Structures are given as structure tokens and as C-alpha cells.
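1. generate coordinates for the sequence data below:
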Amino acid sequence: MLRRVAISKTHSLRLARRTLCSDAGVKAPAADFKQEVQGNEAHVHDVAIVGGGMVGMALACTLANKPFSKNLSIAIIDNNPSLLSDEPINKEDLPNPRVSTVTPATIDHFRDIGAWKYVEQNRHAYFDKMQVWDYTGFGCTRYNARDISKDFLGCVVENKVLQRALYSGLKDSTSQHKVYPSKLSSMSSETRSSPANQGSSVKLELDNGSSLYAKLVVGADGSKSRVKELAKISSTGWKYSQDALICSVEHAEENHCAWQRFLPSGPIALLPIGDRFSNIVWTMSPEESTGRKSMDDIDFVKEVNRALDSGYGPHPKVVPFAGEDAFSWLLGGNATSAKECFEIPPKVIRLSSQRLAFPLSVQHADTYALKRIVLVGDAAHTVHPLAGQGVNMGFADALSLSKVIYEGIAVGSDIGEVTLLKRYESERRAANMAMIAILDGFQKVYSIDFGPLNVLRGAAFRVANSISPLKRTIISYASGEYRFPPLFS
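-> I've put the predicted structure just below:
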């Protein structure tokens, strides 16, 4: 046995630099790996997170605030100058149109890692009600936080506020972390050794000529991920013939409800963001997007109010499901919202931001994990924005990966081993596939204007509104409290 170990160590000294796709490398504890490269000019880290956006920062903040992972050395590679800015966010500024709807499950996690208190210091809006209806007037569903004995259904926050809050939570920790304000240029697998021990890592070269080493590289760099490209991870997906137009608007009074109306060319959502402001996410054809972006502000506001009121079709009437009596045994106690009437959303009085538009698509990475490489967030999957689930899927990725990492550390595993990382993939890929399928199905069903199908959609709205156990289940899944059963995963 001793002779075999000696031969193995001698062989490892001769190992040359290998390409990223190689599975070569010797398992070594992170602490030993740091000793091994001591004196080398390149920086050495346990985890390198490429992308310091919301999901990447959520992962960093989580690792930094958990007992088994708080001693990891973390690198964050992102050239966004606002990341290192010390300039405080001014609550009096007009809201940025880039916002996210954060679920109660995500909020609980952010409280746990010390980040949510920073969100609450800035503009944000909890909402306790939601109304969803169809332009045909056949159906409407209302949801209320009291249906599941909660105080709110979600919270809408500007992306810059979320990112800064998570970075503040990271800075509050005792972790070793460093931000590299650069872009990733290349990656290569390195097998390195010393007289004392052996270890393997990924070498990351940056666009400013510097380099660093990491035991694990996390691609959190969005749908056009450089990590995914360099790792040669392919994706499956397709483009929708739709754009999403986003902007911020102002009302005469504060909005506390999330509204979504399905129109012939796609849904329009009106989401509260606090201080009498709301955010618009309007799905439409590329031609409509071009036209509405070029409208003057007054005409655009008229279009928004028309789309949220009686334009395209009549107001729906909330009526009981026709089979309610026959299925009364299913109803249980009535949900609070089951008897609520349809409401007209608050009027928009002015535009408060520029209008931004981007094409919609869905894509899903064929794998999330290779040896020492793992993908999270939009680098792994993108979805249609109609339910606001995209960023919450990314936050769930970050939480799942962090658990796998610190569970691995607890038993002495190498955090870059593919067998460990595949545990993360097996959990999150199934859940994400289920959500992608559901959202894609909704997109297709509500993109067809066909009489009989319109009636069926209206019936589905009434069923969802009247059968309280079903309504409670829908809310619980949307809020991140329940996972999809194996049948859907």
C-alpha cells in the first residue's frame, strides 16, 4: 500500500497542465491546498463566483454566514462598477425598472443570512393580494395571503437594492472574500503539487492580465455565461416570438396588490414597488414593443391604463364554479379570496422611468455540474417572466449549492468533486425542469385566441378561484413553501 502511494505521488509531480474538460486531479482538503500554493503570486481561493449579481451574491453571502463554510476564501469576479460603489442608494430617487418579486421562502433565507434588514432600509413593497384575469372576461382568480394564514404573498424589490443588501450581508460576515472588478477571459484545469501534498484547481485568467486559482468555479454570470461557454456546456431551449417591455409608473395612491391580465399578445403585470410606484412587465410581439417604446409618455400611459382596464375585452365577473355544490366536499373551509369581487387596478398617472425591452426565450443547460465547475441562476436556466419565478429559481439554486458545499466540508470532501456537485444538480435540475414546463405551458395556452379555448381558460380561472384547497396549494407552491411532487419533477 505504501509503495502504491509513493508511486502515485511521484506520478503526480509529472502531471502537466490539462484542459478544463479533463477529470484529472487529486482530492485534497482546502486548507492543504492553500498551503501548497503559498508563495505563488497568483491569488488562491476556495470558491470563485463569476458574476456578482443577485444570485452570485446570494451564494457568497450564504456561504459566508453558515458555520461549516464561513471560513472559505471566496472570490467574486464582476466588472460592474456599482458593485464596489460606496455611494448609498437614495430612496428619493425614481425607481429603477429592473425589479424582482421575492417569495416568502426567499425572504426567510435572506433574513437568516443577515441581508433582508438592508432591503427594508430601502424602497420595497410587500403585497398581500393578487388578481389574475383574462381579457375575454370569462374568468378571474384572486389570491390573498390570509388564504394560507400569511401576512404577505411576496415582496417587490429593485434589483440594485437586492444586490447591495446581499453584498452588505457578505461584508458583515467574518469570511475571507475579495471582489475582482474584471471579466473572465479563460479557464484551465491545473494539477499542482508540492513536497507536502497534492491538489487540483481551476486557473482563471482575467481580462486585466491577472489570474487566480480556485477549488470550485461557480458560473453565476447570466444567460450568456462565459463560464458555461468556456466549459463547453450546451443548452436546450427556444425563442418566443415575444418581447418583455418593462418600466416604472406612478399612481395617485399607493398600490398593495399584484395584478396580471392576460392579453391577446401576452400578459401585462402591474407590481407594487412602494411610495405610490409600480412596475410594469408587459409581454408583447416585437413589433408592438418597438411601437410602444417609441410612443410619447402620455400616449404610452393611456395604452397601459387601457390594457389594465376594459381594453381588449370586458371586465370579468367573479362567479362561483358551476360545480361548486357537487364538489363541496373538496372545498374545505372557504379561502378568504374566494368571495372577493373583481377590482379595477389603480390608474397610472405618469411614467417614472425609461422603457426597456428584451426578447424572451427559455433555455436549460444540459448539465449543471462538471468537475470543479457548477452553474446557478440564469447561467443554468432562463424562463418566461409571466410568474416572476426566474430569480427565485436562482436563489433556490444558490441555497441548494451552499448546502451541498458545507455538507461536503463537514465530512471532509473536496468541494470541487463532481460527485458532490451532482447532488446539487439532481435536486435543482428536476425542480427547475418542472417550473420551466409549467411556465412554458401557460405561455402557450394563453397565447392562443380561440373561442372554445377561451371558454376553457375561463373555467380554469373559476375552478382555481372557487376550490379553496387548490387555491391554497397554488399559493404555497408559488411562494416557495412547497416543492413539486416527484410526478412533476
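
2. and the top strand by length along the chain, which strands flank it?
-> Criterion DSSP state E: the longest strand present in the chain is strand 235-251. Using DSSP bridges, the strands paired with strand 235-251 in its sheet are strand 277-284 (antiparallel), strand 348-351 (antiparallel), strand 356-365 (antiparallel).

3. can you list the buried residues in that strand?
-> Residues of strand 235-251 classed as buried: 235, 240, 242-251 (neighbour count, 16 or more other CB atoms under 10 Å). For glycine as for every other residue, the C-beta is placed from the backbone atoms N, C-alpha and C.

4. also stretch 264-272?
-> Here stretch 264-272 shows 265-272 as buried, counting by 16+ other CB under 10 Å.

5. what mean pLDDT does it have?
-> What stretch 264-272 shows for mean pLDDT is 94.

6. what lies in contact with it?
-> Stretch 264-272 is contacted by residues 99, 101, 125, 127, 135, 156, 242, 249, 254-261, 278-285, 288, 304, 307-308, 312, 345, 386, 388, 446-447, 449 when judged by CB atoms under 8 Å, 6 or more residues apart in numbering.

7. helices along the chain, start to end?
-> 2-13, 30-36, 54-64, 104-112, 116-119, 159-172, 226-230, 286-294, 297-308, 328-331, 390-410, 418-445, 451-466, 468-478 (DSSP state H).

8. for Tyr368, which of the ones you listed is the nearest?
-> For Tyr368, the closest of these is helix 418-445, at 4.1 Å, according to CB to CB.

9. pull the helix or strand with minimum mean pLDDT from the protein.
-> For the chain, counting by mean pLDDT, DSSP states H and E, helix 2-13 ranks last in confidence among helices and strands (a mean of 38).

10. quick check: Phe152 touching Tyr126?
-> Yes - if you go by CB atoms under 8 Å, Phe152 and Tyr126 touch, sitting 4.2 Å apart.

11. neighbour-wise, which of those two wins?
-> More crowded of Phe152 and Tyr126, by other CB atoms under 10 Å: Tyr126, with 19 against 15.

12. show me what contacts that one?
-> 151-152, 154-155, 256.

13. where neighbours are concerned, which of these has the most?
-> Neighbour max across the contacts of Tyr126 (other CB under 10 Å) = Gly154, 27 neighbours.

14. per-residue pLDDT, that residue?
-> On the pLDDT scale, Gly154 gets 94.

15. distance of the nearest residue to it once chain neighbours are set aside from Leu153?
-> Nearest residue to Gly154, sequence neighbours excluded (CB to CB, 6 or more residues apart in numbering): Thr101, at 5.0 Å. Going from Thr101 to Leu153 by CB to CB, to the nearest Å gives 9 Å.

16. what's the closest non-adjacent residue to the residue sitting nearest the centre point of the chain?
-> What sits nearest the mean C-alpha location of the chain, by CA atoms, centre = their mean, is Val391, with 1.6 Å. Nearest non-adjacent residue to Val391, counting by CB to CB, 6+ apart: Ser100, 4.5 Å away.

17. do the same with Gly266
-> The nearest residue in space to Gly266 (CB to CB, 6+ apart) is Thr283, at 2.9 Å.

18. who has more neighbours out of Thr101 and Leu153?
-> Thr101 (27 against 23).

19. for the more buried one, list each beta-bridge partner.
-> Under the criterion used (DSSP bridges), Thr101 bridges to Val156.

20. distance check, the nearest residue to Arg429 once chain neighbours are set aside against Lys422.
-> Once flanking residues are discounted, Arg429 sits nearest to Tyr368: 5.8 Å by CB to CB, 6+ apart. Distance of Tyr368 to Lys422, given as CB to CB: 8 Å.

21. list the contacts of Ser400.
-> Going by CB under 8 Å, 6+ apart, the list of residues near Ser400 reads 424, 427-428.

22. now those residues as CSV including distance to His177 and neighbour count?
-> Below are the contacts of Ser400 laid out as CSV (distance: CB to CB, whole Å; neighbours: other CB atoms under 10 Å):
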residue, distance to His177, neighbour count
Tyr424, 21, 22
Glu427, 26, 19
Arg428, 24, 25
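
23. go through the residues you listed and name the one nearest Ala145.
-> Nearest member of these to Ala145, counting by CB to CB, is Arg428, at 27.0 Å.

24. for the closest one, give me its contacts.
-> By CB under 8 Å, 6+ apart, the neighbours of Arg428 are 368, 380, 396-397, 400-401.

25. same thing but at 7 Å, please
-> 368, 396-397, 400 (CB atoms under 7 Å, 6 or more residues apart in numbering).

26. so where's the chain uncertain?
-> Filtered on pLDDT under 70, the chain yields the residue ranges 1-42, 191-199, 318-339, 448-451, 453-455, 458-459, 461-489.

27. rewinding a little: just the closest of the buried residues of strand 235-251 to Gly53, please.
-> Ile246 (16.5 Å).

28. can you tell me the closest non-neighbouring residue to the closest one?
-> Pro97 (4.7 Å).

29. tally of neighbours for that neighbour?
-> Counted with other CB under 10 Å, Pro97 comes out at 22.

30. next one: the one 10 residues further on
-> Other residues within reach of Ile107 by the criterion other CB under 10 Å amount to 21.

31. for it, list the residues it contacts.
-> Contacts of Ile107 by CB under 7 Å, 6+ apart are 116, 155.

32. quick one: it from Glu120, how far?
-> In terms of CB to CB, Ile107 sits 10 Å off from Glu120.

33. then Ile77?
-> 29 Å.

34. likewise Met57?
-> 17 Å.

35. of the two, who's got more company?
-> The neighbour comparison of Met57 against Glu120 (other CB under 10 Å) goes to Met57, with 27 against 13.

36. these two touch, right, that one and Tyr167?
-> Yes - between Met57 and Tyr167 a contact is recorded at 5.5 Å, counting by CB atoms under 7 Å.

37. hey, what's the closest residue to Asp440 other than its chain neighbours bridged with?
-> With CB to CB, 6+ apart as the criterion, Asp440 has its nearest non-adjacent residue at 6.0 Å, and that residue is Val362. Per DSSP bridges, the residues bridged to Val362 are Trp238.

38. and Val362, what is it in contact with?
-> 237-238, 382-384, 436, 440 are the contacts of Val362 under CB under 7 Å, 6+ apart.

39. and it, how far is that from His256?
-> Where His256 is concerned, Val362 sits at a distance of 31 Å (CB to CB).

40. just to revisit the earlier point, who wins for neighbours among the contacts of Val362?
-> Val383 (25 neighbours).

41. my guess is it meets Ile436, correct?
-> Yes - between Val383 and Ile436 a contact is recorded at 5.5 Å, counting by CB under 7 Å.

42. what sits against the closest residue in space to Gly274 that isn't next to it in sequence?
-> Spatial nearest neighbour of Gly274, excluding adjacent residues (CB to CB, 6+ apart): Ala125 at 4.1 Å. Neighbouring residues of Ala125 by CB under 7 Å, 6+ apart: 155-156, 272-274.

43. tell me how far Ala125 lies from Lys422.
-> 39 Å.

44. same deal with Gly416?
-> Counting by CB to CB, the gap from Gly416 to Lys422 is 12 Å.

45. and the two? Which one has more around it.
-> Gly416 (29 against 17).

46. that one contacts Val374, correct?
-> No - the criterion here is CB under 7 Å, and Gly416 misses it with Val374 at 8.9 Å.

47. intersection of neighbour lists for those two?
-> In contact with both Gly416 and Val374: Leu216, using CB under 7 Å, 6+ apart.
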